[in-house]
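Undergrad: Sequence and predicted structure below; questions after.
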Amino acid sequence: MKNQVISEMFERMADVLEFKGENVFKINAYRKASRIIQNLTEDIENIWKMGRLREIPGVGEGIAKKIDEYLHTGKMKKYDEVTHDVSDSLIELMNIPGMGSKTLSLVHKELGVKNLEDLKMVIEDGRLARLPKIGEKKVENIKRGIERLSVMRERLLLGRVLPLVEWIIEDLKKKTKVSQIAPAGSLRRMKETIGDIDILTAGKDGRRIIEQFTHLPQVKEILVSGETKGSIITHGGIQIDLRVVPEESFGAALQYFTGSKAHNIKLRDMAKSRGLKINEYGIFKGEVRLGGQAEEEIYSLLGLPWIPPELREDRGEIEASLEGNLPELVDYQDILGDLHIHSNYSDGTSSIEEIAIKARELGYKFVAICDHSQSVKYAGGLSEDQLLHQIEEIKEINERIDGIKILAGNEVDIKQDGTLDYPDSILAKLDIVIAAIHQGFRKQVTERMIKAMENPYVNIIAHPTGRLISGREGYGVNLDLILEKAAETNTLLEINAYYDRLDLNDINCRKAKKLGIRFSIGTDAHHVDQLWMIRLGVGVARRAWINKLDLINTYPLNELEDFLKMKIWNNYRLMK
DNA sequence: GCCGTTTTCGGCCCGACTGTTTTCAGTCG
């Protein structure tokens, strides 16, 4: 799949052209094409083979030709031409906050700066400050930018940030008289990683609200404190911005600060062609303000239904809205149970009973206990006897506790030879079987997973790519083959909601959905306090345009139990 | 370089803030 590499080439060209001072609109055209190609769920090579490159939005004659050339020859002349005389280390300097393309090219041209070392040097010896249009403050800015760059390199994980933001919002609600308050930005879109945190409020006394905000106990350092904007660093080193807007602009501001940028640009473009104008204060016709108190007003005045934040990535949601084809997304309240939880039988720390009681408190109808299997020694995998014992205990608790059904399950290891960690006779005793790779990440992972899916007792493949957001690359599976097999065998794919996994991710889920594959969400929780993470999984599902029917966590218990047996029944029919 | 219910040429999202400037360019989100 060449989508990624082609997308990166255009992004690179955009960066270099920006540095060279090319026409801004041309640069944006490359950026847009890059982003859209990155978001494609289809292999660009397939699209190319069908002669349909030009049907990709943002791909016109010129870019189509370049893609065609690259896919034919493995080369793109224009790319080489544009980038050959500019090094990576130079272009990377544009990432420094305060250092844009104009400043960089000035610094490069006048002082011969080629990398970070050079830049630091001309700051130290005062040559930078002597350039035209560069003053003391600008130098100071860049200097701080360099320091910040090294700190803020990494984006924050959604699952780390969400609880903190909600805590702060609750605190602010108690301490201030804000009429409305909500998180915005990529957090509200439930993106798996967050750049910076934006919270939006409506209220009259902005200065006072900001004052309260900057004096919360979580605050370590105040960066900005004004009438409409406050900015702080928490003890955990996370930057949070709070903005206060007038009540009548809350919807417009929420829409604006939620983004994404690409989604907003498209909306504004639409507004323009209808003689309207959108900004963070409202939607206008000439001088007349037509709305902006609620987000819905912005959308409805453009002839659109309100679009859920999770969809706002310019991945076709605006077009779908126009056609009346917006999906009916699964809702956070639709979840009736968590289908991947570890107990203290293996490496979890809560007892099955604790889990059942907590799940019932959460309003669930069922939970699946899926501990590790015997060969996963490092995680206390269960021997056959222990598993049988666990099944008995689950039966006993089910009889004793009302209002919740515990499903006896297991996260069965797919061993290095591709066989499963328990014989079928054991698997047959379980209500739900999740198969997973935990060892031998480099050994024929795709083939092993395919073999596992062929087993009629395997309902679900856990964390199918194995990636960890904060680090590990993943197993290097051939996902297309996995998806094909999952569709063929009616095997579900897991959306593992553990905050560092979120695997499958949104784009891959959407791809799978198009093949008719269904999903299950499991938190992979190892303690009852981690059960809340199911929301992260639902966020992924919503970002993947998934509806209730696609997700078995929304099925009433009896339908779920039937569904989980379907694969065995089908297999039985085939054998007859 | 893309694109078209005002356009096949002439547009291309919008505003705030900052700093270096005598009216605005650069950067950011």
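TA: Here it is on my side, so go on.
Undergrad: pull the CA atoms of the host helix or strand of residue A:542 into PDB?
TA: Counting by DSSP states H and E, the element that carries residue A:542 is helix A:534-543. This file holds the C-alpha atoms of helix A:534-543, laid out as PDB (Å, rounded to 0.1, in the frame of the first residue of the first chain):
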ATOM      1  CA  ILE A 534     -14.800   1.900  26.900                       C
ATOM      2  CA  ARG A 535     -15.600   5.500  25.800                       C
ATOM      3  CA  LEU A 536     -12.300   5.600  24.000                       C
ATOM      4  CA  GLY A 537     -13.300   2.600  22.000                       C
ATOM      5  CA  VAL A 538     -16.700   4.100  21.200                       C
ATOM      6  CA  GLY A 539     -14.900   7.200  20.100                       C
ATOM      7  CA  VAL A 540     -12.900   5.100  17.600                       C
ATOM      8  CA  ALA A 541     -16.000   3.400  16.400                       C
ATOM      9  CA  ARG A 542     -17.800   6.700  15.900                       C
ATOM     10  CA  ARG A 543     -14.800   8.100  14.000                       C
END
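Undergrad: In terms of secondary structure, what does that helix contact?
TA: Helices and strands touching helix A:534-543, by 3 or more Cβ pairs under 8 Å, 6 or more residues apart in numbering; DSSP states H and E, are helix A:158-175, strand A:492-496, helix A:506-514, strand A:519-522. The C-beta positions use only the backbone N, C-alpha and C, and glycine is treated the same way.
Undergrad: roughly how far is the longest one from the heart of the chain?
TA: By that I understand helix A:158-175. 19 Å (Cα atoms, centre = their mean, to the nearest Å).
Undergrad: quick check: domain ranges of chain A?
TA: Residue ranges for the domains of chain A, per automatic domain parsing: A:3-153, A:157-245, A:259-322, A:332-575.
Undergrad: how far does the last one sit from the chain's center?
TA: This means domain A:332-575. Using Cα atoms, centre = their mean, the offset of domain A:332-575 from its chain centre is 20 Å.
Undergrad: The host helix or strand of residue A:410 relative to strand A:492-496, how many degrees between them?
TA: Taking DSSP H and E as the definition, residue A:410 sits inside strand A:405-413. Angle, strand A:405-413 to strand A:492-496, by axes from the mean of the first three to the mean of the last three Cα atoms, to 10 degrees: 90 degrees.
Undergrad: tell me what the next helix or strand along the chain from strand A:405-413 is packed against?
TA: Later in the chain than strand A:405-413, the nearest helix or strand by DSSP H and E is helix A:424-427. Judged by 3+ Cβ pairs under 8 Å, 6+ apart, helix A:424-427 is in contact with helix A:384-400.
Undergrad: Would you mind listing the buried residues in the helix it packs on?
TA: For helix A:384-400, a neighbour-count test (16 or more other Cβ atoms under 10 Å) marks A:387, A:390-391, A:393-394, A:397-398 as buried.
Undergrad: Now pLDDT and distance to DNA strand B too, for the residues you listed, in JSON lines please.
TA: Putting those into JSON lines (pLDDT from 0 to 100; distance: Cβ to the nearest atom of the strand, whole Å) gives the following:
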{"residue": "A:387", "pLDDT": "97", "distance to DNA strand B": "51"}
{"residue": "A:390", "pLDDT": "97", "distance to DNA strand B": "49"}
{"residue": "A:391", "pLDDT": "97", "distance to DNA strand B": "52"}
{"residue": "A:393", "pLDDT": "97", "distance to DNA strand B": "51"}
{"residue": "A:394", "pLDDT": "98", "distance to DNA strand B": "49"}
{"residue": "A:397", "pLDDT": "97", "distance to DNA strand B": "49"}
{"residue": "A:398", "pLDDT": "98", "distance to DNA strand B": "50"}
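Undergrad: would CSV of those residues with distance to residue A:242 be doable?
TA: Output for these, formatted as CSV (distance: Cβ to Cβ, whole Å):
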residue, distance to residue A:242
A:387, 51
A:390, 48
A:391, 51
A:393, 49
A:394, 47
A:397, 46
A:398, 47
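Undergrad: who's in contact with the helix holding residue A:542?
TA: For helix A:534-543, contacts defined as Cβ atoms under 8 Å, 6 or more residues apart in numbering pick out A:158-159, A:162, A:189-192, A:308, A:310-311, A:313, A:329-332, A:335, A:338, A:495-497, A:499, A:502, A:504-506, A:509, A:519, A:521-523, A:550-551, A:553.
Undergrad: Are there helices or strands packed against the following helix or strand past it, and which ones?
TA: Next in sequence after helix A:534-543, counting helices and strands by DSSP H and E, comes helix A:557-575. The contact analysis (3+ Cβ pairs under 8 Å, 6+ apart) places helix A:557-575 against no helix or strand.
Undergrad: pLDDT on helix A:557-575, on average?
TA: The predicted model gives helix A:557-575 an average pLDDT of 87.
Undergrad: Can you name the residues in contact with it?
TA: Here helix A:557-575 has contacts from A:336-337, A:365-366, A:405, A:431-432, A:456-459, A:489-491, A:552, A:555, using Cβ under 8 Å, 6+ apart.
Undergrad: Stretch A:117-128 now?
TA: Contacts for stretch A:117-128 (Cβ under 8 Å, 6+ apart): A:93, A:107, A:111-113, A:134, A:139, A:142-143, A:146.
Undergrad: got a list of contacts for the helix or strand harbouring residue A:149?
TA: Applying DSSP H and E as the criterion places residue A:149 in helix A:136-152. Under the contact criterion Cβ under 8 Å, 6+ apart, helix A:136-152 has outside partners A:95-99, A:103, A:116, A:119-120, A:123, A:128-129, A:237, A:239.
Undergrad: how about it: buried residues?
TA: Neighbour-count burial for helix A:136-152 [16+ other Cβ under 10 Å]: A:138-139, A:141-143, A:145-146, A:149, A:152.
Undergrad: can that helix be found next to DNA strand B?
TA: Yes - with Cβ under 7 Å from any atom of the strand as the measure, helix A:136-152 is seen reaching DNA strand B through A:136-139, A:141, A:145.
Undergrad: so can I have JSON lines of those residues showing pLDDT?
TA: Shown next, in JSON lines, are those (pLDDT from 0 to 100):
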{"residue": "A:136", "pLDDT": "86"}
{"residue": "A:137", "pLDDT": "86"}
{"residue": "A:138", "pLDDT": "89"}
{"residue": "A:139", "pLDDT": "90"}
{"residue": "A:141", "pLDDT": "85"}
{"residue": "A:145", "pLDDT": "83"}
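Undergrad: partners of the helix or strand bottoming out on mean pLDDT in chain A in the sheet?
TA: Counting by mean pLDDT, DSSP states H and E, chain A has its least confident helix or strand at strand A:219-225, which shows a mean of 77. If you go by DSSP bridges, strand A:219-225 pairs up with strand A:229-234 (antiparallel).
Undergrad: distance of residue A:145 from residue A:91?
TA: Per Cβ to Cβ, to the nearest Å, residue A:145 is found 16 Å from residue A:91.
Undergrad: That should have said residue A:309, apologies.
TA: 32 Å.
Undergrad: These two - which one has more neighbours?
TA: residue A:309 (26 against 17; other Cβ atoms under 10 Å).
Undergrad: I figured the more buried one hits residue A:189, correct?
TA: Yes - counting by Cβ atoms under 8 Å, residue A:189 is a contact partner of residue A:309 at 4.8 Å.
Undergrad: Spell out which residues are contacts of both of those two.
TA: Common neighbours of residue A:309 and residue A:189 (Cβ under 8 Å, 6+ apart) are residue A:258.
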